[in-house]
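Chemist: sharing a model prediction with you, sequence too.
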Amino acid sequence: MMEIGLTHFLILSSILFSFGLFAILTRKNAILVLMGLELILNSANINFVAFARFAGLDIEGHVATLFVIVLAAAEVAVALAIFLNIYQNFKHISVDEIKDLKE
Amino acid sequence: MEISKFINELQSSINFYGIIFYALALLIVVSGLVTILANKLMHSAVALLFCFFGVAGIYAMLAADFIAVTQIMVYIGGILTLIIFGVMLTTRMTEANERTAVLDSTKTAIGALISACSGIGLVLVFLLGDWKQVPLEELPESTLQDIGNLLFTNYIAAFIAAAILLLVAFIGAALIARRKN
């Protein structure tokens, strides 16, 4: 078993990125698209923290990760509020059928 | 005597760091697959919980203790709870599976191809890149003090902007969600 280095973490994050991209591209339900977005943000965060660790524990990468987490929280709150409104108007949140903002 | 010597040799030959990494990677990959492929939305949400836990473990392995705790508190305590509420508020029991279905198989294949290609491209970039690494002399006891110092000196403007953004986003989300004509 070879020593766990930087590339191990980077490859794990790229696998997670492709999962998230797949969910965004192919799923119909808006909440599943949101989950794919979260997977992509998590993979970016893994990259930030891995590069920070293998640059001699550079804390600036951790600060960038914290800001990404804050932005993800804000984005999820606003997106779910919009989904609730769409659901009240259309009775579904299927992203491929919604073409108007209001009925 | 022989047995204790054998156990010592066994312990020194086992790479616990590697075992933990591969266990966490397996957890993340399997739960990520369940998240994107499950038929029921709630199954996806629960699989996402395990995925976030695995990522928190990866942060802990990378000596980012504060980020790992923040991941558990914000992602699992906040974001995942919001997502589960979103699932419950936008799904009718009678058609729980209907709207989660994927597109038809051609479009799904194209999407899988695009995401696989981008994933493979990223892996190639990461493998071929000549990353300059700085060896770490010793792990600090905690990164918390350094993060606090940086946040309140170099990044104070970004910190305040993020705080205001979070406040505005939550007020706006509450307003949008409550609006009824």
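Modeler: Structure's in. What do you need? Residues are numbered from 1 along each chain as shown, chains lettered A, B, ... in the order given.
Chemist: nearest to chain B: which residue in chain A?
Modeler: In chain A, the residue that lies nearest chain B is A:Ser18 (2.9 Å; Cβ to the nearest Cβ). Heads up, the C-betas are built off the backbone N, CA and C, glycines and all.
Chemist: ok, and the closest non-adjacent residue to the closest residue to chain A within chain B?
Modeler: Nearest residue of chain B to chain A: B:Gly119, at 2.9 Å (Cβ to the nearest Cβ). Sequence neighbours aside, A:Ser18 is the residue nearest to B:Gly119 in space, at 2.9 Å (criterion: Cβ to Cβ, 6 or more residues apart in numbering or on different chains).
Chemist: ok, now which ones touch that neighbour?
Modeler: Counting by Cβ atoms under 8 Å, 6 or more residues apart in numbering or on different chains, A:Ser18 makes contact with B:Ser115, B:Ala116, B:Ser118, B:Gly119, B:Leu122.
Chemist: now, of those residues, which are buried?
Modeler: When the contacts of A:Ser18 are checked for burial by 16 or more other Cβ atoms under 10 Å in any protein chain shown, the buried set is B:Ser115, B:Gly119, B:Leu122.
Chemist: so the last one touches A:Ser14, yeah?
Modeler: Yes - assessed by Cβ atoms under 8 Å, B:Leu122 is found in contact with A:Ser14 at 3.6 Å.
Chemist: from B:Thr143, how far out is B:Met61?
Modeler: B:Met61 sits 14 Å away from B:Thr143 when distances are taken as Cβ to Cβ, to the nearest Å.
Chemist: swap in B:Leu136?
Modeler: From B:Leu136 to B:Thr143 the distance is 12 Å (Cβ to Cβ).
Chemist: and B:Ala157, what helix or strand is that in?
Modeler: In the assignment (DSSP states H and E), B:Ala157 maps to helix B:156-178.
Chemist: tell me, what's touching B:Leu136 and B:Thr143 both at once?
Modeler: Each of A:Leu57, B:Ala63 lies in contact with both B:Leu136 and B:Thr143 under the rule Cβ under 8 Å, 6+ apart.
Chemist: so the two - more neighbours on which side?
Modeler: B:Thr143 (18 against 13; other Cβ atoms under 10 Å in any protein chain shown).
Chemist: the more buried one reaches B:Leu62, doesn't it?
Modeler: No - assessed by Cβ under 8 Å, B:Thr143 is found out of contact with B:Leu62, at 10.3 Å.
Chemist: just checking, what's the longest helix in chain A?
Modeler: Ranked by residue count and defined by DSSP state H, the top helix of chain A is helix A:59-90.
Chemist: quick check: mean pLDDT of that one?
Modeler: For helix A:59-90, the mean pLDDT works out to 92.
Chemist: got the angle for that helix vs helix B:156-178?
Modeler: Inter-element angle recorded for helix A:59-90 and helix B:156-178: 10 degrees (by axes from the mean of the first three to the mean of the last three Cα atoms, to 10 degrees).
Chemist: and helix A:59-90, what does it pack against?
Modeler: Packing contacts for helix A:59-90, counted by 3 or more Cβ pairs under 8 Å, 6 or more residues apart in numbering or on different chains; DSSP states H and E, involve helix A:30-54, helix B:65-70, helix B:80-89, helix B:144-151, helix B:156-178.
Chemist: ok, which of those comes nearest B:Asn39?
Modeler: Evaluated over the helices and strands packed on helix A:59-90, closeness to B:Asn39 peaks at helix A:30-54, with 10.9 Å, by Cβ to Cβ.
Chemist: just want the angle from that closest one to helix B:80-89.
Modeler: Counting by the same axes, to 10 degrees, helix A:30-54 lies at 170 degrees to helix B:80-89.
Chemist: distance from the chain centre to helix A:30-54, please.
Modeler: Helix A:30-54 sits 5 Å away from the centroid of its parent chain (Cα atoms, centre = their mean, to the nearest Å).
Chemist: surely B:Lys107 is in contact with A:Arg27?
Modeler: No - assessed by Cβ under 8 Å, B:Lys107 is found out of contact with A:Arg27, at 11.0 Å.
Chemist: which of those two has more neighbours?
Modeler: Counted by other Cβ under 10 Å, B:Lys107 and A:Arg27 do not tie: A:Arg27 has more neighbours, with 28 against 13.
Chemist: my guess is that one meets B:Ile36, correct?
Modeler: Yes - between A:Arg27 and B:Ile36 there is a contact under Cβ under 8 Å: 7.2 Å.
Chemist: overlap in contacts, these two.
Modeler: A:Gly36.
Chemist: thank you kindly, that will do.
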